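Participant: A structural model of the following input is requested.
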Amino acid sequence: HIVAGAGELHLEICLKDLEEDHACIELIKSDPVVSYRETVTDKSNQQCLSKSPNKHNRLYMTGEPLGEEICHAIDEGELGAKQDFKERGRFLADKHGWDVMEGRRIWCFGPEGTGPNVVVDTTKGVQYLNEIKDSVVAAFQWATKEGVLCDENMRGVRINVEDVTLHADAIHRGGGQIIPTARRCFYACFLTSTPGLLEPVYLCEIQAP
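Facilitator: Below is the predicted model:
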């Protein structure tokens, strides 16, 4: 079982109550684990390429920070996947200085479809792109849920899909080929964008007369 709390003292009190008042038996406990978030602090220093296992498909991507203001807007529900794409483009252009078309071409948020990380389609005139969209989205959910540094959730990462080369035959560009390829490419973008760790902090509001 996992016991979650706001800090070490909080957990200590919860476990003491559980041990002495409720369970009335000695409990075997591990040391507390702190949940971090993985992020990037700079734009990718190169374009990242990943080839599919059959060598017929190539993905070219770059990474960059999303910005704390946009992360906060996503956390607060002002920006999300359920929003109309035109509204989303206008919101990002007016408040955060994005290009309207890029704001409209966000493929997904992650992890779990709602997190503060995005994939943006910046390609031009790529054939069969919509056929691999679901596979890329699935790979992004996986990559942002289990980051490359310490298997923690990512935060504040923007991935730009810059170019895609796909095989003409649909059988050679299925999920089995694209998902692991896209995941490797996301990790490469993350590592080339000066990765970092975010640690949790207490937020206290004190009101005094």
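Participant: where do the strands sit along the chain?
Facilitator: Secondary structure of the chain (DSSP state E): strands located at 37-40, 48-51, 58-65, 106-110, 117-121, 157-165, 195-198.
Participant: tally of neighbours for the closest residue to Ala188 other than its chain neighbours?
Facilitator: Sequence neighbours aside, Cys48 is the residue nearest to Ala188 in space, at 3.9 Å (criterion: C-beta to C-beta, 6 or more residues apart in numbering). C-betas here are computed from N, CA, C, even on glycine. Using other C-beta atoms under 10 Å, Cys48 has 23 other residues around it.
Participant: with the one 3 residues further on instead?
Facilitator: Residue neighbour count, defined by other C-beta under 10 Å, stands at 15 for Lys51.
Participant: surely it meets Pro180?
Facilitator: No. Contact criterion C-beta atoms under 8 Å: Lys51 and Pro180 do not qualify, at 10.8 Å.
Participant: hmm, back to that, could I get the strands of the chain as TSV with mean pLDDT and distance to Lys16?
Facilitator: Below are those laid out as TSV (pLDDT from 0 to 100; distance: least, C-beta to C-beta, whole Å):
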stretch	mean pLDDT	distance to Lys16
strand 37-40	90	29
strand 48-51	92	49
strand 58-65	91	41
strand 106-110	87	38
strand 117-121	91	38
strand 157-165	91	39
strand 195-198	89	30
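Participant: winner for burial among those strands?
Facilitator: strand 117-121 (a mean of 24; mean count of other C-beta atoms under 10 Å).
Participant: for that strand, which strands pair with it and how are they oriented?
Facilitator: Looking at strand 117-121 with DSSP bridges, its partner strands are strand 106-110 (antiparallel), strand 157-165 (parallel).
Participant: and Asp169, what pLDDT?
Facilitator: As summarised for this prediction, Asp169 has a pLDDT of 88.
Participant: for the one 3 residues further on, same thing?
Facilitator: Per-residue confidence (pLDDT) for His172: 86.
Participant: and it, how close does it get to Glu131?
Facilitator: 11 Å (C-beta to C-beta, to the nearest Å).
Participant: now do the same contact list for Met34.
Facilitator: Quick fix: residue 34 is Val, not Met. Residues near Val34 by C-beta atoms under 8 Å, 6 or more residues apart in numbering: 199-200.
Participant: dump the strands of the chain to TSV, plus distance to Lys29.
Facilitator: Below are the strands of the chain laid out as TSV (distance: least, C-beta to C-beta, whole Å):
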stretch	distance to Lys29
strand 37-40	25
strand 48-51	42
strand 58-65	37
strand 106-110	33
strand 117-121	33
strand 157-165	34
strand 195-198	25
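Participant: which one of the ones you listed lies closest to Cys185?
Facilitator: For Cys185, the closest of the strands of the chain is strand 48-51, at 3.8 Å, according to C-beta to C-beta.
Participant: who does the closest one pair up with?
Facilitator: According to DSSP bridges, strand 48-51 forms sheet pairs with strand 58-65 (antiparallel).
Participant: skipping its backbone neighbours, what lies nearest Glu19 in space?
Facilitator: Closest to Glu19 by C-beta to C-beta, 6+ apart is Leu27, at 5.2 Å.
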